[in-house]
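1. Everything below, folded, please.
(one chain, ligands or ions: 1)
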Amino acid sequence: MYNREKERGVDMVVGIIGAGASGMAAALWAAQNPNVQVILLERQARVGRKLQATGNGRCNLSNVNFHIAHYHGENPAFTQQVFSQFGVEDTLNWFASLGLCTVTEPTGRIYPYSDQANSVVDVLRLALEKENISLRLGFEVEKIKTSKDGFLVESKEESLLCNRLIVACGGLAGTKLGGTMAGYKLLSKIGHRSTKLRPNLVQVQSRWKALPSLKGVRANCNIEILHNGEVFAQSMGELQFTEQGLSGPVIFEISRGVCAASGTWHARMDFLPQWDDEKLMAHLQARVDRNYPVEELLTGVLHNRLGRVLTQNAGIKGKTHCKDLSQRELVELCRCVKALEVELTEPMGMDSAQVTAGGVLTDDFDPYTLESKKVPGLFVCGELLDVDGDCGGYNLQWAWSSGYVAGVNAGKEKDD
Ligand SMILES: Cc1cc2nc3c(=O)[nH]c(=O)nc-3n(C[C@H](O)[C@H](O)[C@H](O)COP(=O)(O)OP(=O)(O)OC[C@H]3O[C@@H](n4cnc5c(N)ncnc54)[C@H](O)[C@@H]3O)c2cc1C
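-> Model (predicted):
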């Protein structure tokens, strides 16, 4: 049994499972107490693998437009006590103290000044190089046993003893980047139940036959999701077409709950939200006397491939000359640009999702400390809990804030 920390004569050993965003934050905060030895266990070969891929490699680490309404779960109010202890400003001060410069975009999203997610991983990795933190890479925890002295944490090869334990294994989303069921399973064996897990912040699939030719196209768009013809959700921003469906920030913002209920689901897209129908019609009419193929009619306004697909969708043959267009065809083209409807089938799976909706039941945890009400000395933080945030840096903010609360409290001596 590995017991080196105990032998060093420290007062308390805090074990942490998972060196992702919340686990690294928890380790640094627990280790603020010099009488604590932290053992940070990570099954992968390096820390922060998912963190490195966030924000398309840029890491949208928080958002100045923070509001509790951006969080979901069976009991979103649970997060209030956590954020009131460590909010956006605390996070930015903390990162500044670790040497990270940040920048806030006009949308409110906060990124590292370097525009590199690596910078966030690196400042955390360097900060972990501390005497009272030992990082064990390639250590995959398979079992947690509780005893009167604390916890026995086991991998295939070895066992570790710790007085307190923080489980920060993350959620199931982003499986290729380390998303796993491990945390839910480890906790269920010691009495913690989870809610149903669903992929969130994920692209939505469609069988629209034009998708292969639009793959990779990005468009600014106002989008409405219709359930049985009624508006279910609406958002405006960047849409990305993929071979299987619709993706991009505008979809992530409204993907929660889409296709969850039976009935028909459609996306209605306006590719020129800043123009009304009259302005678009005037623009088209000013060009119909030109002697070029109708597939060029939207050239200069929309992405060329999108323009061509919309023209085809309006039932107009590509080689028709603009001057041969009927008024009815022009009206139909206008409708396709301003209100194109495509049927949606289902969201992509956990592999493609950025976050897991659902998780370990928060009712079983003290919201002030994140300590289990069932297993004293056990703490949980990050995405593993039944908390998920909207697109825009809110999930990482939850990781930093919950990592702080779990770390500080797990690192507290009993009579503090
Ligand atoms: C592609 C992508 C882009 C994203 N972009 C953003 C963004 O820009 N902004 C934002 O706010 N959120 C973003 N997210 C979400 C965000 O990354 C997560 O919510 C956040 O990383 C969760 O932190 P965590 O510490 O709970 O889990 P993770 O960061 O996933 O860390 C969990 C760690 O635990 C380890 N682990 C798991 N099981 C074990 C075990 N049994 N033994 C040992 N170690 C184990 C894992 O290997 C992992 O390193 C994105 C997610 C994805 C997938």
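
2. Check whether stretch 341-353 comes near the ligand.
-> No - in this structure, stretch 341-353 remains apart from the ligand according to C-beta under 6 Å from any ligand atom; the gap is never smaller than 7.0 Å. In this view, the C-beta of every residue, glycine as well, is placed from N, C-alpha and C.

3. mind checking the end-to-end distance for that stretch?
-> This stretch, stretch 341-353, spans 24 Å end to end (C-alpha to C-alpha, to the nearest Å).

4. Which positions in it come out as buried?
-> With burial defined by 16 or more other C-beta atoms under 10 Å, the residues of stretch 341-353 counted as buried are 342, 344, 347, 348, 350, 352, 353.

5. next one: stretch 19-32
-> Across stretch 19-32, burial judged by 16+ other C-beta under 10 Å covers 19-31.

6. Now find how far off-centre it is within its chain.
-> Stretch 19-32 has its average C-alpha position 19 Å from the chain's average C-alpha position, going by C-alpha atoms, centre = their mean, to the nearest Å.

7. Send me that stretch as CSV with only the CA atoms.
-> C-alpha atoms of stretch 19-32 as CSV (Å, rounded to 0.1, in the frame of the first residue of the first chain):
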residue,chain,number,x,y,z
ALA,A,19,-6.7,16.2,-13.0
GLY,A,20,-9.2,18.0,-15.2
ALA,A,21,-10.3,21.6,-14.7
SER,A,22,-12.1,21.1,-11.4
GLY,A,23,-9.7,18.6,-10.0
MET,A,24,-6.7,20.8,-10.6
ALA,A,25,-8.5,23.8,-9.1
ALA,A,26,-9.4,21.6,-6.0
ALA,A,27,-5.8,20.4,-5.6
LEU,A,28,-4.4,23.9,-5.6
TRP,A,29,-6.9,25.2,-3.1
ALA,A,30,-6.6,22.2,-0.8
ALA,A,31,-2.8,22.5,-0.9
GLN,A,32,-3.1,26.1,0.4
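
8. tell me the mean pLDDT over that stretch?
-> Model confidence over stretch 19-32 averages 98 on the pLDDT scale.

9. need the residues of the stretch 301-416 of the chain near the ligand, please.
-> Those residues of the stretch 301-416 of the chain that sit near the ligand, judged by C-beta under 6 Å from any ligand atom, are 354, 355, 382, 383, 384, 393, 394, 395, 396, 399.

10. Just the residues you listed: which are in strands?
-> Members of these lying in strands (criterion: DSSP state E): residue 355.

11. For the residues of the stretch 301-416 of the chain next to the ligand, which two are the farthest from each other?
-> Pairwise distances among these were taken by C-beta to C-beta; the largest, 19.0 Å, belongs to 384 and 393.

12. What backbone torsions are found at residue 143?
-> phi -150, psi 140 (degrees, to the nearest 10).

13. distance of it from residue 182?
-> Counting by C-beta to C-beta, to the nearest Å, the gap from residue 143 to residue 182 is 11 Å.

14. more neighbours, the two?
-> Neighbours per residue (other C-beta atoms under 10 Å) separate residue 143 from residue 182, with residue 182 holding more: 20 against 14.

15. any idea what sits nearest that one, other than its immediate chain neighbours?
-> residue 169 (5.0 Å; C-beta to C-beta, 6 or more residues apart in numbering).

16. Need the three-state assignment for the one you found.
-> At residue 169, secondary structure determined by DSSP: H, G, I helix; E, B strand; the rest coil is coil.

17. That one against residue 183, yeah?
-> Yes - using C-beta atoms under 8 Å, residue 169 makes contact with residue 183 at a distance of 3.0 Å.
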